[in-house]
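**Student:** here's my sequence, what's the structure:
(one chain, ligands or ions: 3)
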Amino acid sequence: MGRKRLIAAGCVLVVGAISAAAEAGVSGGIPSHSLGNSHGLNYRAVSYSSFSSPDIDLYANCKPSTAVVGGGVSLTGPSLKSNVAYGFPADDGSDLDTVPDDVWVGAGAQRGTPANLKITTYSICLRQGVGPVAYVSAPTGSVADGATFSVKATCPAGSSVAAGGSDVYRGKVSASVPFDGADPDRAPDDGWKVTGLNSEGSPFDLHVWAVCLDHPLRMVYASAGGKTPAKGSTVFSAACPAGSAATGGGYRIQGDPSTHFAHATRPRDSGVDKDTVPDDRWQVTAVDLAAKSAKTKVSVACLG
Ligand SMILES: [Ca+2]
Ligand SMILES: [Ca+2]
Ligand SMILES: [Ca+2]
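**Tutor:** Ligands and ions are numbered 1, 2, ... in the order given. Below you'll find the predicted structure:
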């Protein structure tokens, strides 16, 4: 069966999503709902259940007066049996441009006999006028089936990375993190790096994405980590400093992406502040299918 690529251009995303629904368990076009506002950001989510196909994608839209700056994906069910793959900004054809500012696309895949799972995709949307947003996509070149890619998307000078991801669909991602480049500081503000595996069944030209916010918007970065146990999973969180709000996040799990990946990567509420807006931290369920434990780091990018 041919792959339904959700290409970030014009109405291809919408058409591809709807036409694929019957055959590949791909869904889209379900309106997201607001989870609340913070720091000029609107947090949104959409869920779809139950999907019992080997893979699915679902995108969460932003309101027309806002631009997507980040997002996340989570799946239900046993963490060792399914993984998040996609996570990237896209154009949905709803506006007049072809800028990928409208939705965050999330994808999940499951192995073995498919179970009935729920997928939730999150979008984090910046109110217009708060600051300019740049979208950078770096091509991986043709990635063979079963091959690993590791690619950086670099933000333009004078901007700071807010989020990132890749459009790998049938595959796995062991690292999706902000990185520090050649600038004088030590902040991981220069772009986004993704290490992943293409399991498409054929070669694909994939892309790694960085969403970049122009200065003077102030971004701060935090990380936390530990070890994911062998043949197990652990939930890690990295908290934004007080007075800031998460725009995006990710993780790095040491080891091969075929056995190291995430079951969820998403913004969360702290549970201790007065609101229920998921602006406080980034939470990742890290999975290690290998025979030894894996060093794991979770990163969060925050608008301060
Ligand atoms: Ca657009
Ligand atoms: Ca830097
Ligand atoms: Ca909160």
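
**Student:** contacts and neighbour counts: CA atoms only from here.
**Tutor:** Noted.

**Student:** now the stretch 151-300 of the chain, which segments are flagged as low pLDDT?
**Tutor:** Applying pLDDT under 70 to the predicted model, the stretch 151-300 of the chain contains no residue that meets it.

**Student:** let's see it at 80
**Tutor:** Per-residue confidence for the stretch 151-300 of the chain (pLDDT under 80) gives these ranges: 215-216.

**Student:** what segments of it are strands?
**Tutor:** Assigned by DSSP state E, counting those that start in this stretch, the strands in the stretch 151-300 of the chain fall at 159-166, 171-179, 191-198, 204-214, 219-228, 232-239, 245-253, 260-268, 281-288, 294-303.

**Student:** dump those to CSV, plus mean neighbour count and distance to Asp102.
**Tutor:** Shown next, in CSV, are these (neighbours: other Cα atoms under 10 Å; distance: least, Cα to Cα, whole Å):
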stretch, mean neighbour count, distance to Asp102
strand 159-166, 31, 15
strand 171-179, 28, 21
strand 191-198, 26, 20
strand 204-214, 24, 13
strand 219-228, 19, 22
strand 232-239, 21, 26
strand 245-253, 30, 15
strand 260-268, 28, 18
strand 281-288, 28, 22
strand 294-303, 25, 20
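
**Student:** which among these is found nearest to Leu126?
**Tutor:** Across these, Leu126 has its closest neighbour in strand 245-253 (8.7 Å, Cα to Cα).

**Student:** adjacent strands (with direction) for the closest one?
**Tutor:** According to DSSP bridges, the neighbouring strands of strand 245-253, each with its direction, are strand 171-179 (antiparallel), strand 294-303 (antiparallel).

**Student:** need those strands in a markdown table (columns: distance to ligand 3).
**Tutor:** Written out in a markdown table, the entries for those read as follows (distance: least, Cα to the ion, whole Å):
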| stretch | distance to ligand 3 |
| --- | --- |
| strand 171-179 | 22 |
| strand 294-303 | 13 |
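
**Student:** one step back: I'd like the strands of the stretch 151-300 of the chain as JSON lines, with distance to Ser34 appended.
**Tutor:** Conversion of the strands of the stretch 151-300 of the chain to JSON lines gives the following (distance: least, Cα to Cα, whole Å):
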{"stretch": "strand 159-166", "distance to Ser34": "19"}
{"stretch": "strand 171-179", "distance to Ser34": "25"}
{"stretch": "strand 191-198", "distance to Ser34": "26"}
{"stretch": "strand 204-214", "distance to Ser34": "21"}
{"stretch": "strand 219-228", "distance to Ser34": "23"}
{"stretch": "strand 232-239", "distance to Ser34": "21"}
{"stretch": "strand 245-253", "distance to Ser34": "15"}
{"stretch": "strand 260-268", "distance to Ser34": "13"}
{"stretch": "strand 281-288", "distance to Ser34": "17"}
{"stretch": "strand 294-303", "distance to Ser34": "19"}
